[in-house]
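Enquirer: need coordinates for the below:
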Amino acid sequence: MPVGSPIRLSSQLTSTYRLFLRATSAAVLHHPTATRNIRKLYRPIFDEAANVDVQVKTTRDPQKTKLLEQWLVTWNKRVDNTLELLHSSATTRGLSHRLTRNIGFLTHAYLKSRMRKGQVWDPQLPASAPIYSIRPGKVPTAKEKKQQSRAAFDATVFHSVGQVVRLAEGQSNISLGRLSPVSVPTTR
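Expert: You can find the predicted model right below:
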């Protein structure tokens, strides 16, 4: 491969991703919002697999290559099981369809809670930035108290749901997706 040329992803990975895009749409009966939410869940998983695929092609260390290839084999098994779940969701209206639909609803609620107006985390600022601190002597307003309680509730709920999802993934050897951090411009 010539120097400076981009490394192409394996055709198996790109084919699987395209299949996933079609399966997620069919699993939620081609509903645009639900399709978008489900796809947002699975995109980080495929990004991670793409990074591993590139590392396999560029790594010269045989031990590391073997570990990465084992990771890809495990990932492929999980993806196959997940595609079976999505296919079942598309063809039946049973438990798999309700699971897929509810995961879409949860994703929508999570993204919507992160898009609320008000104080939003800015990854460019350090954690000790003055915008994140409560000014001494200032009593929080009712609106600020409500925002703080809503943020605490969201953190508690979505953390608990995340734990349940990881347990289900481990038990069933499937992947239910990952949410990447939402970047929202702050209002200053």
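
Enquirer: please name the nearest non-neighbouring residue to Arg178.
Expert: Nearest residue to Arg178, sequence neighbours excluded (Cβ to Cβ, 6 or more residues apart in numbering): Pro44, at 4.3 Å. Every C-beta, even on glycine, is put in place using the N, C-alpha and C of the backbone.

Enquirer: sticking with that neighbour, tell me its helix or strand.
Expert: Using DSSP states H and E, Pro44 falls within helix 32-58.

Enquirer: which other helices and strands contact that helix?
Expert: Judged by 3 or more Cβ pairs under 8 Å, 6 or more residues apart in numbering; DSSP states H and E, helix 32-58 is in contact with helix 11-27, helix 62-91, helix 95-114.

Enquirer: the longest one to helix 32-58, inter-axis angle?
Expert: Following axes from the mean of the first three to the mean of the last three Cα atoms, to 10 degrees, one obtains 160 degrees for the angle between helix 62-91 and helix 32-58.

Enquirer: same check, this time on the shortest one
Expert: In terms of direction (the same axes, to 10 degrees), helix 11-27 departs from helix 32-58 by 170 degrees.

Enquirer: buried set for helix 11-27?
Expert: Buried residues in helix 11-27, counting neighbours by 16 or more other Cβ atoms under 10 Å, are found at Leu13, Thr16, Tyr17, Phe20, Leu21, Ala23, Thr24, Ser25, Ala27.
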